[in-house]
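>>> prediction below, plus the sequence it came from.
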Amino acid sequence: MADVNEAFESGQLIGRGADERAGLGLLSRFLGAVFLVLLGGLLLLDRSLLKANHNQAALDTQSAALLTESFVSAQIDLLGRIADVVAESTVSKDSLFVHGRVERLIAQVPGLRHAWVIDAAGRLQLDVSEAGKSHLLSSELVARLEALRPSSEFTIVIVPVASRHALVALVHTSTGGDGDVGGITGLIFDGNALQAWLERTQSDTRVTLVVLSGADTVAFIGQPGGNAQALTAAQKIVRLPTGGTWSVTATHALTTRSLRWALWALGVLGVLFLALGLLREQRRALQASSRSIELERLYSDVKRANQAKSEFLANVSHELRTPLNAIVGFVELLRDGFYGDLSPRQVPPVDRIAASATHLRHLVDQVLDIAKIAAGRLEVDSETIVLRPFVLNIASELESLVSEKGLTFSITIGASLPRVRTDPTHLRQILINLIGNAVKYTPAGTVSLRARLIGAPAQPNARRPSGASADDAGARLLLIRAPRSGPWVALQVVDTGVGIASADLERIFDEFEQVNAGPRGDSMQRGTGLGLAISRRLARLLGGEIGVESELGRGSTFTIWLPVNPADLTREPIGTPSQGSDVIA
């Protein structure tokens, strides 16, 4: 049950950590802000479109009201002209001429149906109808006009008819010099006249345009059934020169309704797609964060396990060295005769014990070095060393090993090489491993050790020795293979042994990897596969690198790259400037 609870809590922590790493809270706030901004933009745009519709309706109503006022003014002007024509007729007595002129005036105004003039005595002086139209001056209209005689100078009378437009009578009542009521001049026109006047303005969104006088319709422009649409209306009061008022009402269809719906649909779809895309990316980020946290947890577990393994190996190797040192010490005492002389039959077993103990101690030391390097507990103590005497000292220790196999060991290291700042213990271990491998895998031939300065700036007064062209070619090749730019000392161990296949050149630096290993029964000859791995790690720990070039059957060349401090290039060289060459048979 405790394991289940721990796993559940771990899952909760991972999920919460993944949410925080993926930034879900910030993403949600961002998504909400984007949605609110888009929604606010759509609302503002919708309001702007509605306001534009209302403004368009108000502007159309204003224009229609101005046209109505101008129409009434034009008819009043026409009344005056007709009155002038009739006045002239009293002088000329030519009624036919007057009748013709009035007919022409009526024909110029579409919808003007009838004109008449009544003198002060009530006699009909002029009665002209639109061509082809019947007489419209009915007894009812005459009675209403008689009743209006004393009212005002200009009078408008609305006469409802069965058609959609009412008849409009515009009457001018003149007065005499003594204030008595004079003659009457009148016009009758229907709504078509005002409609033709109002049609001077057009609007794409207009549904109806109505001019009303009280409850009577003076003019109507529009299509029946337009009220089924979504409408916006505006009204304007027209103050007539006669003193009365008409109202002008314009209704406009919200033709932008489809556009508004389209904008809303596109906006909502855009928000949805954005939300889906963000949620998808959010899910991916959450999955990536979960995987990252899981990998970190696994890496932490592996790191702890590897550290525990390294500490275990270090502790075990350290504990193994104590009894091994005792075994080696007592074997040496036996061989030295401390406990009495050994018989001829005892000497070979004791020597075998000594060799096995030495091999085992060497193996334990290698495992301990690997464990220390993996645990980061291997220390580096840099010192400034002169390379030539340092290498000669190591070669003297390995002289017996080379002589046993009958190999030729040559050392070519110039005394003019600069000093090297490195850890001599680790460099000594690297050289012993590489020289030991070279001797081990060279049945016959030569093992060479040589060093060369690479990447240093050229000296202006340097003398070029004989064979400089070949040396320059080799130096250029080494410079190409250098780990990075800067001065280096390339310390090479060259043998003429069995060589290594190109496919195995990197594998040999892995731990417990060997090429052409001996039989498992002979572990002392077979080796452990740790020497090259330790050597490369130590070289990198010293700031350098180890490289290899090899060919099967023709030998191998291992190059140790040691960095050189530029300050050491200006020091005086130790010894003679000539390049030394020592050969040990």
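Happy to help now that I have it.
>>> all helices for this protein, in order.
2-22, 24-92, 95-107, 139-147, 191-198, 257-335, 347-375, 387-397, 399-405, 424-440, 468-481, 523-526, 531-541 (DSSP state H).
>>> pLDDT averaged over the first one - what is it?
Meaning helix 2-22. Across helix 2-22, the average pLDDT comes to 49.
>>> what do you get for the fourth one?
In this model, helix 139-147 carries a mean pLDDT of 59.
>>> all numbers from here: first residue = 546
Sounds good: first residue 546 from here, last item helix 684-692.
>>> between the helices of the chain, which one is closest to residue 958.
Each of these was scored for nearness to residue 958 using Cβ to Cβ, and the closest is helix 932-942 (4.7 Å). C-beta: built from backbone N, CA, C; applies to glycine.
>>> now do that closest one against helix 969-985, angle only.
Orientation check (axes from the mean of the first three to the mean of the last three Cα atoms, to 10 degrees): helix 932-942 against helix 969-985 gives 50 degrees.
>>> now helix 932-942, how far from the centre of its chain.
61 Å (Cα atoms, centre = their mean, to the nearest Å).
>>> could you list the buried residues of that helix?
Buried residues in helix 932-942, counted by 16 or more other Cβ atoms under 10 Å: 932, 933, 935, 936, 939, 940.
>>> mind picking the two most distant members of these?
932 and 940 (12.2 Å).
>>> out of the helices of the chain, which is closest to residue 1109?
helix 932-942 (10.2 Å).
>>> for that closest one, packing partners?
The contact analysis (3 or more Cβ pairs under 8 Å, 6 or more residues apart in numbering; DSSP states H and E) places helix 932-942 against strand 953-959, helix 969-985, strand 991-999, strand 1033-1040, strand 1124-1129.
>>> quick check: which of the ones you listed is buried the most?
With neighbours taken as mean count of other Cβ atoms under 10 Å, those reach their highest mean count in strand 1033-1040, at a mean of 23.
>>> okay, strands next: where are they in the stretch 646-795 of the chain?
657-663, 669-674, 699-704, 712-720, 726-735, 751-758, 761-767, 776-784, 790-798 (DSSP state E, counting those that start in this stretch).
>>> mean confidence for the fifth one?
Throughout strand 726-735, pLDDT has a mean value of 68.
>>> what does stretch 957-972 give?
89.
>>> repeat for stretch 643-659
Mean pLDDT, computed over stretch 643-659, is 73.
>>> mind listing what's buried along that stretch?
By neighbour count on 16+ other Cβ under 10 Å, the buried set for stretch 643-659 is 643, 646, 647, 650, 651, 654, 656, 657, 658, 659.
>>> out of those, who's nearest residue 820?
Using Cβ to Cβ, the buried residues of stretch 643-659 come closest to residue 820 at residue 656, 61.2 Å.
>>> separation between the closest residue to residue 729 other than its chain neighbours and residue 873?
With Cβ to Cβ, 6 or more residues apart in numbering as the criterion, residue 729 has its nearest non-adjacent residue at 4.4 Å, and that residue is residue 663. Taking Cβ to Cβ, to the nearest Å as the measure, residue 663 falls 155 Å from residue 873.
>>> with neighbour numbers in mind, choose between these two.
More neighbours surround residue 663 than the other of residue 663 and residue 873, with 23 against 17 (other Cβ atoms under 10 Å).
>>> please name the bridge partners of the more buried one.
When assigned by DSSP bridges, residue 663 has beta-bridge partners residue 669, residue 729.
>>> could I get the average pLDDT for stretch 600-616?
84.
>>> likewise stretch 931-948?
For stretch 931-948, mean pLDDT is 88.
>>> which one of the buried residues of helix 932-942 is nearest residue 998?
Ranked by distance to residue 998 (Cβ to Cβ), the buried residues of helix 932-942 are led by residue 932 at 10.0 Å.
>>> the closest one contacts residue 995, doesn't it?
No. Between residue 932 and residue 995 there is no contact, the gap being 11.0 Å when judged by Cβ atoms under 8 Å.
>>> which residues do the two both contact?
The contact sets of residue 932 and residue 995 overlap at 958, 1036 (Cβ atoms under 8 Å, 6 or more residues apart in numbering).
>>> ok, back up a step: columns distance to residue 739 on top of the helices and strands packed on helix 932-942, output as CSV?
Shown next, in CSV, are the helices and strands packed on helix 932-942 (distance: least, Cβ to Cβ, whole Å):
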stretch, distance to residue 739
strand 953-959, 120
helix 969-985, 113
strand 991-999, 108
strand 1033-1040, 106
strand 1124-1129, 122
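>>> who wins for proximity to residue 808 among those?
Each of these has some distance to residue 808 by Cβ to Cβ; the shortest is strand 1033-1040, at 70.8 Å.
>>> for that closest one, packing partners?
If you count contacts as 3+ Cβ pairs under 8 Å, 6+ apart, strand 1033-1040 packs onto helix 932-942, helix 969-985, strand 991-999, strand 1100-1108.
>>> off-centre distance for it?
Distance of strand 1033-1040 from the chain centroid (Cα atoms, centre = their mean) equals 50 Å.
>>> burial count for residue 824?
13.
>>> ok, now how distant is the residue nearest to the spatial centre of the chain from residue 577?
For the chain, the residue nearest the mean C-alpha position is residue 826 (11.4 Å; Cα atoms, centre = their mean). Residue 826 is 16 Å from residue 577, where distance means Cβ to Cβ.
>>> ok, now residue 755?
Residue 755 is 49 Å from residue 577, where distance means Cβ to Cβ.
>>> who's more crowded, those two?
Neighbours around residue 755 and residue 577, counted as other Cβ under 10 Å, are more numerous at residue 755. The numbers are 19 against 11.
>>> so the more buried one touches residue 794, yeah?
Yes. Assessed by Cβ under 8 Å, residue 755 is found in contact with residue 794 at 4.9 Å.
>>> brilliant, that's me finished.
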